[in-house]
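1. model this:
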Amino acid sequence: AHSAGERREMPDAVARAAPPRAPAAAPRSRRRNRVAARAANRDASSDDAALGRSLLALALAATLSAAPTPDALAALSNPNSRLPRNAKAALRRAVPAVNEETREIQRKLEDAAYLMRIPQRKPWATMAKDVDESRKIMLEKKTDVFENVRPNDRAEAEEAYARLDDALERLSRAAATQDFDTFDAKIAQALDSLSVVQIAQAPGLPFQIPAKYQALPKLVGRATVELKVRNADGGGFGLLNGDKLDEATIEITVDGYNAPVTAGNFVDNVKRGVYDNAPLRRSETSIMGGTNADSQESVPLEIKSSDSFDPLYRSPLDVQSGEAIPSIPLSINGSVAMARSSDGQSDKEQFFVYLFDKRSAGLGGLSFEEGEFAVFGYVTKGEEYLGSIGTNARITSAKVTSGGDKLANARTVVEPVPSDFSAPDVAV
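-> Okay, the predicted model is just below:
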């Protein structure tokens, strides 16, 4: 078995530098606030003129405190600040935005969530404006929002829209009262509800897969896969209702919006029973699943940049230069990707679950393997069991629990695909 690092070694010249730190200089707005306050105190003994100057000083202090401080801006300029921090956030951001109204709401809510991470005084006035403008779009443009929603998804989208409206109302109150805990919880709920609406709006892939890969299995949308896992040595996964848990259930959300060929290949493998009773082997950085399929033709390496319209095929993505990061990055614990085959493409069967550790990450918090593998999803349930999977475990069963109808070109038998992909020989 090969670990993710063994499949594709990074150059020795890559420097393992720590993320930049925020400067320790005192925030300018605090000094201005203190000056304004002292000015107000000196004139406090005067009559009406003194009262006016005091009120003006307080207004000035309040205005200055609403803007991000230099220290806060330095912290947010860290390259790691815009990276999704978990699988849920990564999947939410990776939904294709096909509707202008929901795209604008997402932009404003993501900005509000971003500003909330300022480590000192929060710019509550700006955050409140983002929320209120999002509510205004919802109220005035609902017909436009639902114009592209598929009829079968209308009911689910309506429920999500109602949850979004409720979350925005609570966010507005939280911003007015500067309630950090409520704002933190409701901004995540609002973005999650919005992503449900956006998925209902997306009729399929927003780009065309290259003609030479058109006959390969492809996933047009998202699916979920459930893996049942046991340790061969009898090791458990903790306790459930006081009893030892011998078998863990792990759910993977598979994203065909950003990696349709890779995701389609994986879901197709699951449907054909490739991973039933397949081995799991743990290394320091990953849990490798399935067996090496170098005897079969590989699948094209498929990586979509966050600033690109469609995926890049057959080549890694250069992220160490800082030019781009994948739309569904590897640098999240529980990311799932295909291993690399001997020809530098993706293995047809062997995949791995990445065990990301920020302490050993490179510049900007990125994994040194970022951009080297075709990531196609994330562990969205059962992440807590990953640490208990031993060096010799097995997938007792694997099944598609939702989204199986989004798989196109499913194979009925295993047939080789030419390595140049000029004339794919795939059973449909």
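2. Could you pull out the strands in the stretch 251-400 of the chain for me?
-> Shown for the stretch 251-400 of the chain, the strands assigned by DSSP state E, counting those that start in this stretch span residues 278-282, 286-289, 302-303, 312-313, 335-340, 346-354, 375-381, 393-402.
3. closest to Glu133 out of these?
-> Among the strands of the stretch 251-400 of the chain, strand 375-381 comes nearest to Glu133, with 30.6 Å by C-beta to C-beta. Quick note: C-beta positions are derived from backbone N, CA and C, even for glycine.
4. average pLDDT for that closest one?
-> Mean pLDDT, strand 375-381: 97.
5. export that strand as CSV, just CAs?
-> Extracted C-alpha coordinates of strand 375-381, given in CSV (Å, rounded to 0.1, in the frame of the first residue of the first chain):
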residue,chain,number,x,y,z
VAL,A,375,-10.1,15.5,-4.3
PHE,A,376,-13.7,14.5,-4.9
GLY,A,377,-15.4,14.8,-1.5
TYR,A,378,-15.2,14.9,2.3
VAL,A,379,-16.1,12.8,5.3
THR,A,380,-19.2,14.5,6.6
LYS,A,381,-20.3,12.0,9.2
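6. Mind putting the strands of the stretch 251-400 of the chain into CSV with distance to Ala112?
-> Formatted as CSV, those follow (distance: least, C-beta to C-beta, whole Å):
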stretch, distance to Ala112
strand 278-282, 40
strand 286-289, 35
strand 302-303, 30
strand 312-313, 32
strand 335-340, 26
strand 346-354, 30
strand 375-381, 24
strand 393-402, 31
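7. Which of the ones you listed sits closest to Asp130?
-> strand 375-381 (26.9 Å).
8. And the residue nearest to Ser195 when sequence neighbours are not counted, how far from Phe352?
-> Spatial nearest neighbour of Ser195, chain neighbours left out: Arg92 (4.5 Å); criterion: C-beta to C-beta, 6 or more residues apart in numbering. Separation of Arg92 from Phe352 (C-beta to C-beta, to the nearest Å) stands at 23 Å.
9. do the same with Ile395
-> Between Ile395 and Phe352 the computed distance is 13 Å (C-beta to C-beta).
10. more crowded one of those two?
-> Neighbours per residue, other C-beta atoms under 10 Å: of Ile395 and Phe352, the larger number sits with Phe352, 26 against 20.
11. The more buried one and Ser335 touch, don't they?
-> No - assessed by C-beta atoms under 8 Å, Phe352 is found out of contact with Ser335, at 9.1 Å.
12. Tell me how many other residues crowd Asp357.
-> Counted with other C-beta under 10 Å, Asp357 comes out at 11.
13. where does it land on pLDDT?
-> 87.
14. could you check the distance from it over to Leu312?
-> Taking C-beta to C-beta, one finds Asp357 at 27 Å from Leu312.
15. now swap in Ser335 and tell me
-> According to C-beta to C-beta, Ser335 and Leu312 sit 18 Å apart.
16. of these two, who's got more company?
-> A direct count of neighbours by other C-beta under 10 Å for Ser335 and Leu312 places Ser335 higher, at 27 against 17.
17. Name whatever forms a beta bridge with that one.
-> When bridges are called by DSSP bridges, Ser335 pairs up with Tyr378.
18. Quickly find the element holding the residue nearest to Ser195.
-> helix 87-93 (DSSP states H and E).
19. And stretch 195-206, what's buried?
-> Neighbour-count burial for stretch 195-206, counted by 16 or more other C-beta atoms under 10 Å, picks out Ser195, Val196, Val197, Gln198, Ile199, Ala200, Gln201, Ala202, Leu205.
20. For that stretch, measure first residue to last.
-> 16 Å (C-alpha to C-alpha, to the nearest Å).
21. Same check on stretch 254-266?
-> 8 Å.
22. now that stretch, how far from the chain's geometric center?
-> Between the centre of stretch 254-266 and the centre of its chain there are 15 Å (C-alpha atoms, centre = their mean, to the nearest Å).
23. what sits against Lys122?
-> Counting by C-beta atoms under 8 Å, 6 or more residues apart in numbering, Lys122 touches Leu115, Met116, Gln178, Phe180.
24. Which pair of those residues spans the longest distance?
-> Leu115 and Gln178 (12.8 Å).
25. Comparing these two, which residue is more hemmed in?
-> For Leu115 versus Gln178, neighbours defined as other C-beta under 10 Å are more numerous around Leu115 (17 against 13).
26. Just say helix, strand or coil for that one.
-> Under DSSP: H, G, I helix; E, B strand; the rest coil, Leu115 falls in the helix class.
27. From Val225, how far off is it?
-> 36 Å.
28. Then Lys348?
-> From Lys348 across to Val225, the span is 17 Å (C-beta to C-beta).
29. In this protein, which residue is most central in space?
-> Central residue of the chain (C-alpha atoms, centre = their mean): Ala90, 0.6 Å from the mean position.
30. can you pull out the helices in the stretch 151-300 of the chain?
-> 154-177, 180-201, 260-271 (DSSP state H, counting those that start in this stretch).
31. what about the stretch 51-200 of the chain, any weak spots by pLDDT?
-> 51-82 (pLDDT under 70).
32. I meant the stretch 251-400 of the chain, not that one.
-> In the stretch 251-400 of the chain (pLDDT under 70), the answer is 293, 322-323, 363.
33. looking at the helices of the stretch 151-300 of the chain, which is closest to Gly221?
-> Closest to Gly221 of those is helix 180-201 (C-beta to C-beta; 7.6 Å).
34. The nearest residue to Ser305 once chain neighbours are set aside: what's it in contact with?
-> Using C-beta to C-beta, 6+ apart and skipping residues adjacent in sequence, the residue nearest Ser305 is Ala324, 4.2 Å away. Contacts for Ala324 were tallied using C-beta under 8 Å, 6+ apart; they are Ser305, Ser306, Asp307, Ser308, Leu317, Asp318.
35. List the residues that contact the fourth one.
-> So that's Ser308. Contacts for Ser308 (C-beta under 8 Å, 6+ apart) come out as Ala324, Ser327.
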